[in-house]
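Peer 1: Sharing a sequence plus its predicted fold:
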Amino acid sequence: MVRVIGVLSGKGGVGKTTLVSNLGVSLAQEGKNVAIVDANLTGANLGLHFGLLSYPVSIHDVMNGGALITDAMYKHPSGVDIIPASLSIEHIDTEPKNLRSSIDEFLGDKDFVLIDAATGLDRETLNAIDMSDEVLIVTHPELPTISDALRTKTIAEKYGKDVIGIVLNRVNRKDDLNKDNVSSFFELPVIGAIPDDPVVRKSIEAKNPVVLSHPNHRVSQEVRRVSSHILGKKYVSKNNGGLMDRLLAMFKW
């Protein structure tokens, strides 16, 4: 049965799209049939993470009735199907209410559909929550960002959605809160703590998810920890023991 997972954050700048891109590839590496939908209709950038700089059809065209969902689907070499939103301001007024009915057309052959939601709690985000079966919340371990993410969790629960857990992104030693603090605050498990590392920026610039460009890096290890949790599997590290990875592994939360 297909699982439609909305990936949410309370505010921008926490690396949500970077996470959803890498998570989708990680699930595909586990043999799953995965699609990622850019539901950030007014701030689209999912396609850029996969090197899609221009494309003739987007999810906007589908919602406007001008194309089928399969026309807006682009197969990445990793096996992930990318359904990008338009980069053009001409589509900025597109109503998001038809998004779920649009993607229902291709759900049958998928194991996972990941929804890259807009940030905040505007109509785009609320629609992404509504169309998801489960949600995953991405945040940075500092109080203002955590507060915004908590509001997102509260709204998702009011919509009756199962919140899988919390992913801490761009983690470093100077953060306000540790893993246990955050878990207690949300009353949810922290299922991944992804370090803040220059390799992520380099992978974005190269338009190649870090789980592909640096598969043994600590960042990739933590992404796989998240995908293992989603799959209900015990995570077993394949770390080859590089110096930086060993130093990061010593950082106890």
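Peer 2: It's in.
Peer 1: residue ranges with poor pLDDT in the stretch 51-200 of the chain?
Peer 2: Along the stretch 51-200 of the chain, segments meeting pLDDT under 70 span 89-97.
Peer 1: So which residues of it form helices?
Peer 2: If DSSP state H, counting those that start in this stretch is used as the criterion, the helices of the stretch 51-200 of the chain fall at 59-63, 99-103, 123-131, 143-158, 179-186, 198-205.
Peer 1: any idea which of those helices is most buried?
Peer 2: helix 59-63 (a mean of 24; mean count of other CB atoms under 10 Å). Any C-beta I mention is one placed from the backbone N, CA and C, and that applies to glycine too.
Peer 1: related to what we said a few turns ago, and Val20, which of the helices of the stretch 51-200 of the chain is closest to it?
Peer 2: Of all the helices of the stretch 51-200 of the chain, helix 123-131 sits nearest to Val20, with 11.4 Å by CB to CB.
Peer 1: Give the other helices and strands that that closest one contacts.
Peer 2: Judged by 3 or more CB pairs under 8 Å, 6 or more residues apart in numbering; DSSP states H and E, the packing partners of helix 123-131 are strand 3-8, helix 99-103, helix 143-158.
Peer 1: what's the closest of the helices of the stretch 51-200 of the chain to Pro84?
Peer 2: Pro84 lies closest to helix 59-63 among the helices of the stretch 51-200 of the chain, at 6.8 Å (CB to CB).
Peer 1: what residues does the closest one touch?
Peer 2: For helix 59-63, contacts defined as CB atoms under 8 Å, 6 or more residues apart in numbering pick out 37-39, 41, 67-69, 71-72, 83-86, 91, 94-96, 98-99, 102.
Peer 1: Would you show me how to pick out the buried ones of those residues in ChimeraX?
Peer 2: ChimeraX command restricting the contacts of helix 59-63 to the buried ones, with burial defined by 16 or more other CB atoms under 10 Å:
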select :37,38,39,41,67,69,72,83,84,85,86,91,94,96,99,102
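Peer 1: re the thing from before, would you format the helices and strands packed on helix 123-131 as TSV with distance to Gly165 included?
Peer 2: Supplementary listing: the helices and strands packed on helix 123-131 in TSV, determined by distance: least, CB to CB, whole Å:
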stretch	distance to Gly165
strand 3-8	11
helix 99-103	23
helix 143-158	10
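Peer 1: Mind checking these for the one nearest to Ser228?
Peer 2: It's strand 3-8; of the helices and strands packed on helix 123-131, that one is closest to Ser228 (CB to CB) at 14.5 Å.
Peer 1: Tell me which strands that closest one pairs with, and in which orientation.
Peer 2: Applying DSSP bridges to the sheet, strand 3-8 is found paired with strand 112-116 (parallel), strand 134-139 (parallel).
Peer 1: What are the contacting residues of it?
Peer 2: Under CB under 8 Å, 6+ apart, the answer for strand 3-8 is 16, 19-20, 23, 39, 103, 107, 111-117, 125, 128-129, 131-138, 149, 152, 156, 161, 164, 230.
Peer 1: how close does Arg100 get to Ser132?
Peer 2: 9 Å (CB to CB, to the nearest Å).
Peer 1: again, but for Ser228
Peer 2: With CB to CB as the criterion, Ser228 and Ser132 are 20 Å apart.
Peer 1: and these two? which has more neighbours close in?
Peer 2: A count of neighbours by other CB atoms under 10 Å puts Ser132 above the other of Ser228 and Ser132, at 25 against 18.
Peer 1: Hmm, Lys161 and that one touching each other?
Peer 2: Yes: at 6.1 Å, Ser132 counts as touching Lys161 under the criterion of CB atoms under 8 Å.
Peer 1: Can you list the strands that the strand of greatest length in the chain pairs with?
Peer 2: Scanning the chain for the longest strand, with DSSP state E as the assignment, gives strand 162-171. For strand 162-171, the pairing partners within the sheet under DSSP bridges are strand 134-139 (parallel), strand 190-195 (parallel).
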